[in-house]
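A.B. asks: Sequence and predicted model, in that order:
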Amino acid sequence: MQLDQLDQATPEQLKQWEAELANEYQTIVEQKLSLDLTRGKPSPEQLNLSDALDGILKGDYRAQDGTDTRNYGGLDGVPEGKQLGANLMGVSPDNVLVGGNSSLTLMFQVMLTAHQFGLAGPESAWKNEGEVKFLCPVPGYDRHHTVCEQLGIEMIPVPMTENGPDMDKVEDLVKQDSKIKGIWCVPKYSNPTGVVYSDDTVKRIAGLGKIAGANFRVFWDNAYAVHDLVDNPPELACVMSACERQGTEDSVIQFASTSKITHAGAGVAFVNASAANLKGFKQFLGSCTIGPDKVNQIRHSRFLPDRDALLQHMEGHAKLLKPRFAAVLDALDQAFSDNDLGHWQAPKGGYFVSFDTRPGCARETVRLASEAGVKLTPAGATFPYGKDPEDRNIRIAPSVPSVSEVKGAMQVFVICVKLASVRAQLKA
């Protein structure tokens, strides 16, 4: 079956290939599989790496500064919680606020504050300008898109390159339209492409505050800062240092968490921002909380007391993830390296593999896989409003299933891509 010649195939050849693939597919359907590659969650084995959190305090609930963490208060977080966030993001603990278990919650709350109340006082609220727009590199993280939709913020897609967002496009857009109030960024092992922003991209993003309209903010979601899968991993330039050099400290707000480091549902999340931005955000927080879970902050700080301990812990995660990613990439290489039915990148870290089908085949591939018992993230989910204009991108998340299950799921995936591609060509 010479699928590298799909465009040159005769209708008779295409019909023959379709029949052969349909037969293989039906055999898989009859197996009644149930495999899930939808979301980038830690596997049970990864969660087990952090079970020492349970009981680690041994009755000692005092923070370094003497705070009884069992009680109310401490909107900023305790000092060792701030230091943990600083170790994770490579910044000063003085500019870190520690929240609950979810960085997504903090992202929503900061965006809500900027939109409704203003990070620099009521006059700075985005809503005062009526229409509000946000740049979204694509393919990107679907939950970022959901935050914008919830607040009625118009999303403008900008293409990703191998170095990060297309910065020529980004700069042109923010210069032309003052209603663009920010951009989403996953700068290291970007969700889903695995791209690490280049030093030049980081520098240019840090400079956006000088050319954008008033109250512009970069939402820097550094979710995979220490989630390496290779030795000698790529380094991400510090965006806050780049901002300091350009005098744009107020234009970037950074987020991170331990959700894929320790226990996903019981982690600690962080905001890193300028003093002015933190002041504006804390005015909002003070109206809706008496303080975060400080007991969990000191649990985590004792479990991961310094950056060396953090990186050593992440080596355990990498050991479990590497064979799962290898199973995905090996299957793609074997099936598509000699044809144009798919394009993908081999990430050096993070939680996803981004796969592009031929135009118009992603939704059908996902549908076929679902009927064969393999759940994938909905096609289009990586684009604003769930609309991939070329219907190409599929996000593969191999972390939860076992290695053997990932291999089985990829066998199904490969057949579905081929079948969807042949059927699309038959209709062409």
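C.D. replies: Yep, it's here.
A.B. asks: just checking, next helix/strand downstream of the longest helix anywhere in the chain?
C.D. replies: Counting residues, the longest helix found in the chain (DSSP state H) is helix 307-336. Where DSSP states H and E defines the elements, the next helix or strand beyond helix 307-336 is strand 342-344.
A.B. asks: Can you mark which positions in that following strand are buried?
C.D. replies: Across strand 342-344, burial judged by 16 or more other C-beta atoms under 10 Å covers 342, 344. Just so you know, the C-beta spots here come from the backbone N, C-alpha and C atoms, and that holds for glycine as well.
A.B. asks: contacts for that strand?
C.D. replies: Residues from elsewhere that reach strand 342-344 (C-beta atoms under 8 Å, 6 or more residues apart in numbering): 329, 332, 335, 336, 353, 354, 355, 356, 357, 358, 417.
A.B. asks: That strand pairs with which strands, and in what direction?
C.D. replies: Using DSSP bridges, strand 342-344 pairs in its sheet with strand 353-357 (antiparallel).
A.B. asks: which residue packs closest to residue 335, ignoring adjacent ones?
C.D. replies: Closest residue to residue 335 apart from its sequence neighbours, by C-beta to C-beta, 6 or more residues apart in numbering: residue 414 at 4.3 Å.
A.B. asks: got the residue ranges for the helices in this structure?
C.D. replies: Under DSSP H, the chain gives helices at 11-29, 44-48, 79-89, 103-112, 142-150, 167-176, 199-206, 239-246, 275-285, 294-303, 307-336, 362-371, 403-427.
A.B. asks: Which residues are in contact with the residue nearest to residue 41 when sequence neighbours are not counted?
C.D. replies: Nearest residue to residue 41 in three dimensions, chain neighbours excluded: residue 400, at 5.3 Å (C-beta to C-beta, 6+ apart). Contact analysis of residue 400 by C-beta under 8 Å, 6+ apart lists 36, 37, 39, 41, 42, 43.
A.B. asks: May I ask which of the residues you listed comes out lowest in pLDDT?
C.D. replies: Minimum pLDDT for those is recorded at residue 39 (88).
A.B. asks: how many neighbours does the closest residue to it other than its chain neighbours have?
C.D. replies: On the basis of C-beta to C-beta, 6+ apart, the spatially nearest residue to residue 39 that is not a chain neighbour turns out to be residue 397, at 5.6 Å. A total of 22 residues lie near residue 397 under the criterion other C-beta atoms under 10 Å.
A.B. asks: can you check residue 378 too?
C.D. replies: 18.
A.B. asks: The nearest residue to it once chain neighbours are set aside and residue 123: what is the separation?
C.D. replies: Spatially, and ignoring its direct neighbours in sequence, residue 378 is nearest to residue 366 (6.4 Å; C-beta to C-beta, 6+ apart). Using C-beta to C-beta, to the nearest Å, one obtains 46 Å as the distance from residue 366 to residue 123.
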